[in-house]
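Chemist: Below is the sequence, then the predicted model.
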2 protein chains.
Amino acid sequence: MEPASAARVSRRRLLGGVAGLGLINAAGIGLAGCATQSASAAQDTVPFYGAHQAGITTDIQDRLAFAAFDVTTTRREDLQALLKTWTAAAEAMTRGAMVPGDSHANEMPPADTGEAVGLSPARLTITVGFGPSLFDGRFGLAPRRPAALTELPALPHETLDPARCGGDIGIQACANDPQVAFHAVRNLARLGRGTVVTRWTQLGFGRTSSTGATQETPRNLMGFKDGTRNIRSDDAAALDKHVWVGTEAGQDWMRGGSYLVARRIRMFVETWDRDRLSDQEAVFGRAKYTGAPLSGKTESDNPDFTAKTADGQLTIPEDAHIRLAAFENNNGLRILRRGYSFTDGTDARTGTLDAGLFFISFQKDPAQFITLQRKLGTQDALNEYILHVGSALFACPQGVPDASRYWGHALVEG
Amino acid sequence: MEPASAARVSRRRLLGGVAGLGLINAAGIGLAGCATQSASAAQDTVPFYGAHQAGITTDIQDRLAFAAFDVTTTRREDLQALLKTWTAAAEAMTRGAMVPGDSHANEMPPADTGEAVGLSPARLTITVGFGPSLFDGRFGLAPRRPAALTELPALPHETLDPARCGGDIGIQACANDPQVAFHAVRNLARLGRGTVVTRWTQLGFGRTSSTGATQETPRNLMGFKDGTRNIRSDDAAALDKHVWVGTEAGQDWMRGGSYLVARRIRMFVETWDRDRLSDQEAVFGRAKYTGAPLSGKTESDNPDFTAKTADGQLTIPEDAHIRLAAFENNNGLRILRRGYSFTDGTDARTGTLDAGLFFISFQKDPAQFITLQRKLGTQDALNEYILHVGSALFACPQGVPDASRYWGHALVEG
């Protein structure tokens, strides 16, 4: 494994160097082209260092590659070395640079696998989290386990596949290019060989091709806009209140961090597609095409949960998804959602599409999700069309301030 | 099912109408925004009608959704109705319109599933092909089976999973947005309910984020540029010679069509990543970063297969992939490749990544692929790192000239 200080070869510099030698001028890329690339690279880069990890409040990118790993070593030093190496590699990749180390020596395997060479950083973020299982006896970390970090309890309306649950460490890689996101996870898995094994992975996608002047709310695979009332990334007060762990947690390494809940939610799209429009809208409590709450006219209208129809029925039904999930009806409780659609081929048993939502939420305490899901899992009209089949919880530590520190530094050092 | 003449609601017109009613002006989308959308929509549209089907020589889009279906009816009329309905839906979706039919009646399931509302057409193409199995006794099509359309023979270096092979009908949907590509396949599957069942599906991705002035050749998951010497889409002579079926085929419905071979090629990326750079380059016969043949300096250099090193060895080794595949070494034989990378999570048996290349090639006769693969499958140095695990062959009929005809019209009519 390579130390953090190893030479970092920029993917862009590599290509620039080649152009300087005249090797790809034949392909029509001149100096003007390179200048454009650099400007674009800067625009396409999300800073890695900071008080918080990137990839939590970062405006959502188009693609997800998620991987859960189990640690196979029992030595704390191996875990430290892994996190150091991973941090240096993640920082490099988010800049559009190759994985630190030598990728050009003929007699060695390249340090970087190479499939992202020539690609933009594509707003890549890589976010790490630690599962409850990491705090068992193996590394002496039990005293540093936050009280909030325990395995999620059994929840209503879930049929979990153990092969899609849990993990000692979770990595969320998001980028506007699937090859860049996959490259990140693959190279971290490779750097971890001998220290971690991959437990499960999940790819996801969001909207890419909206051509509107403003960012439109993406639609989920049920055809409804999803995320209208999400916490906004510029709402610092709400983030502090609901997402970022503060001083109350009692574990320094989690201050400025957040808890990531991942749920693989299968949608029974074939059944959904047979439901009539008015019922689909009643299930969500919103109009399908405009995204407006049934009590309002535009997507941004606040739902009026007291509104009634002419015949005295609630306009937004009792069991509508947005009524049950709304902070107004949950003592102000909110979570930051950051999920992606998935389609993983066909379910071999039923011939139906294995598609749905890879739900990701960030919150300062997993109890926020648990409270909400206990309610939704029993009352939500949506339950007829969905099932939670995978689940994981990861404590995402505070951000890495600079190159002198690494992911989980305060957790695994000292 | 809806006839081809059913009302077609443009996704864009729908939104335009909503804006006109002032419903989403609150979200900041004014008329200027709509004008931008229309310009972009035109730019993002690949014409559906033509002498050839789109999606064959169309410049490759970023995303693939492929589905193979088996027909469950045995009545020719059902097959005709399906192809009519599918053609109308495909034509609409490639324009960015919703699936024909009513998506706004409250008391009916919407004709379109809705998740592409508000998205650009994203250069969507939908290409249909018929498998050899469609020409068995069920529909009386045996006399119209071209001699070239038989199941692929057993080929060297394959371990095929029957669940990833074959199919009566294949649908290739390509777009620059995965949600648009998935939406297309999902809606065709839905329209086919009762007539077809999904046999297998495959998602794929290519490069998206290259910021260079020229289109750079995409890299495969081994980190090498892939497609450097492919047939160019503007090389009409080569396309006529190698890709488009001419009058020699003896089946009118295939004139202007092409044969699609799909091979799911698993890459053992973990093993590959342990190989040293010089060996990786010897396997392909190209330099990893520049893409230049080992005998040359730039990617566009023609390989010199006679070149020797100072110590008398072939510069491009005997078993290098590009030597074995080159038309110069195969009596001028060429195929048009149009493959996509895939990553489908983790192989549960081995814990390794289930990743690789979903190889698609078009040729005027499947014998072109068979000849090439018999050679590559036995001699290619790449075989140490790959395995063919899925396989299918589809005869893609000639294009649909206008709304009076449909996919396979000349095959299933009369």
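Modeler: Good, I have the coordinates.
Chemist: Chain A: helices as residue ranges?
Modeler: A:11-20, A:31-43, A:76-94, A:178-191, A:236-242, A:269-272, A:277-284, A:321-325, A:366-379, A:409-412 (DSSP state H).
Chemist: Determine which stretch of these is the most buried.
Modeler: Of these, the one with the most neighbours on average (mean count of other CB atoms under 10 Å in any protein chain shown) is helix A:178-191, at a mean of 26. Where C-beta positions appear, they are placed from N, C-alpha and C, glycine not excepted.
Chemist: is chain B contacted by that helix?
Modeler: Yes. Contact of helix A:178-191 with chain B (CB under 8 Å from any CB of the partner chain) involves A:178-180, A:182, A:186, A:189-190.
Chemist: who's the residue nearest the centre of chain A bridged to?
Modeler: Geometric centre of chain A, nearest residue: A:Gln172, 4.8 Å, by CA atoms, centre = their mean. Counting by DSSP bridges, A:Gln172 is bridged to A:Phe66, A:Thr127.
Chemist: residues from the stretch 51-200 of chain A in reach of chain B?
Modeler: With CB under 8 Å from any CB as the criterion, the stretch 51-200 of chain A comes near chain B at residues A:65, A:103-110, A:112-120, A:122, A:163, A:175-180, A:182, A:186, A:189-190, A:193, A:197-200.
Chemist: and if we set it to 7 Å?
Modeler: By CB under 7 Å from any CB of the partner chain, the part of the stretch 51-200 of chain A that sits against chain B consists of A:105-110, A:113-115, A:117-120, A:122, A:163, A:176-180, A:182, A:186, A:190, A:197-198, A:200.
Chemist: Sitting in strands, which of those residues do you find?
Modeler: When DSSP state E defines the strands, the subset of these inside them is A:197-198, A:200.
Chemist: Please dump the residues you listed into a markdown table; it should also carry neighbour count and pLDDT for every row.
Modeler: Formatted as a markdown table, those follow (neighbours: other CB atoms under 10 Å in any protein chain shown; pLDDT from 0 to 100):
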| residue | neighbour count | pLDDT |
| --- | --- | --- |
| A:Val197 | 16 | 94 |
| A:Thr198 | 23 | 94 |
| A:Trp200 | 24 | 96 |
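Chemist: List the residue ranges of the stretch 101-250 of chain A that fall below the pLDDT cut-off.
Modeler: Scanning the stretch 101-250 of chain A for pLDDT under 70 picks out the ranges A:208-215, A:249.
Chemist: State the distance from the residue lying farthest from the centre of chain A to A:Glu115.
Modeler: Computed with CA atoms, centre = their mean, the residue of chain A farthest from its C-alpha average is A:Asp311, at 43.5 Å. Separation of A:Asp311 from A:Glu115 (CB to CB, to the nearest Å) stands at 60 Å.
Chemist: related to what we said a few turns ago, looking at the residue farthest from the centre of chain A now. What's its pLDDT?
Modeler: For A:Asp311, the model assigns a pLDDT of 95.
Chemist: now it: how far from chain B?
Modeler: For A:Asp311, the distance to chain B equals 15 Å [CB to the nearest CB, to the nearest Å].
Chemist: Most proximal residue of the stretch 1-150 of chain A with respect to chain B?
Modeler: Closest contact between the stretch 1-150 of chain A and chain B, by CB to the nearest CB, is at A:Gly114 (2.5 Å).
Chemist: Could you tell me which residues of the stretch 301-414 of chain A lie near chain B?
Modeler: Proximity of the stretch 301-414 of chain A to chain B is confined to A:341, A:343-346, A:348, A:351, A:353 under the rule CB under 7 Å from any CB.
Chemist: Now, of these, which are buried?
Modeler: A:341, A:343-346, A:353 (16 or more other CB atoms under 10 Å in any protein chain shown).
Chemist: how many neighbours does the closest residue to A:Thr315 other than its chain neighbours have?
Modeler: In this structure, A:Thr315 finds its nearest non-sequential neighbour in A:Ala307, 4.1 Å apart by CB to CB, 6 or more residues apart in numbering or on different chains. When counting by other CB atoms under 10 Å in any protein chain shown, one arrives at 13 neighbours for A:Ala307.
Chemist: quick one: contacts for A:Ala307?
Modeler: Counting by CB atoms under 7 Å, 6 or more residues apart in numbering or on different chains, A:Ala307 touches A:295, A:315-316.
Chemist: try A:His52
Modeler: With CB under 7 Å, 6+ apart, A:His52 has these contacts: A:244, A:256, A:398-399.
Chemist: quick one: which of these is most hemmed in?
Modeler: Going by other CB under 10 Å, A:Gln398 tops the contacts of A:His52 with 24 neighbours.
Chemist: from what I can see that one touches A:Arg255, true?
Modeler: Yes. Look at A:Gln398 against A:Arg255 with CB atoms under 7 Å: they come within range, at 5.7 Å.
Chemist: Against A:Gly291, how distant is the residue in the stretch 201-350 of chain A positioned nearest to chain B?
Modeler: The minimum distance from the stretch 201-350 of chain A to chain B, using CB to the nearest CB, falls at A:Gly223 (2.5 Å). The spacing between A:Gly223 and A:Gly291, counted by CB to CB, is 11 Å.
Chemist: Could you measure from A:Ala116 over to A:Thr94?
Modeler: 11 Å.
Chemist: before we move on, the earlier item: pLDDT and neighbour count added to the contacts of A:Ala307, as TSV?
Modeler: Below are these laid out as TSV (pLDDT from 0 to 100; neighbours: other CB atoms under 10 Å in any protein chain shown):
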residue	pLDDT	neighbour count
A:Ser295	98	20
A:Thr315	98	19
A:Ile316	98	25
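Chemist: so what's A:Gly170 up against?
Modeler: A:68, A:129, A:131, A:260, A:392, A:394.
Chemist: go again using 6 Å as the cut-off
Modeler: A:68, A:129, A:394 (CB atoms under 6 Å, 6 or more residues apart in numbering or on different chains).
Chemist: same question, A:Leu160
Modeler: Residues in contact with A:Leu160 (CB under 6 Å, 6+ apart) are A:Ser391.
Chemist: Can you read off the backbone torsions of A:Gly312?
Modeler: Backbone torsions for A:Gly312, taken as degrees, to the nearest 10, come to phi 80, psi 10.
Chemist: What number of residues are in the vicinity of A:Gln61?
Modeler: Using other CB under 10 Å, A:Gln61 is surrounded by 23 other residues.
Chemist: Low-confidence regions, the stretch 301-414 of chain A specifically.
Modeler: Per-residue confidence for the stretch 301-414 of chain A (pLDDT under 70) gives these ranges: A:414.
Chemist: What ranges does it have for its strands?
Modeler: For the stretch 301-414 of chain A, strands defined by DSSP state E, counting those that start in this stretch occupy the ranges A:336-337, A:340-346, A:353-363, A:386-396.
Chemist: Okay, buried residues for stretch A:246-261 please.
Modeler: Here stretch A:246-261 shows A:249, A:251, A:253-261 as buried, counting by 16+ other CB under 10 Å.
Chemist: what's the span of it from first residue to last?
Modeler: Start and end residues of stretch A:246-261 are separated by 18 Å (CA to CA, to the nearest Å).
Chemist: still on that earlier bit, make CSV out of the contacts of A:His52 and add distance to B:Arg219.
Modeler: Shown next, in CSV, are those (distance: CB to CB, whole Å):
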residue, distance to B:Arg219
A:Trp244, 38
A:Gly256, 37
A:Gln398, 35
A:Gly399, 31
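Chemist: nearest to A:Arg219, of the residues you listed?
Modeler: The shortest approach to A:Arg219 among those belongs to A:Trp244, at 28.9 Å (CB to CB).
Chemist: Who are the contact partners of that closest one?
Modeler: A:Trp244 neighbours (CB under 6 Å, 6+ apart): A:Gly256.
Chemist: likewise A:Phe139?
Modeler: A:76, A:79.
Chemist: can we see that at 10 Å?
Modeler: A:71, A:73-80, A:168, A:411-412 (CB atoms under 10 Å, 6 or more residues apart in numbering or on different chains).
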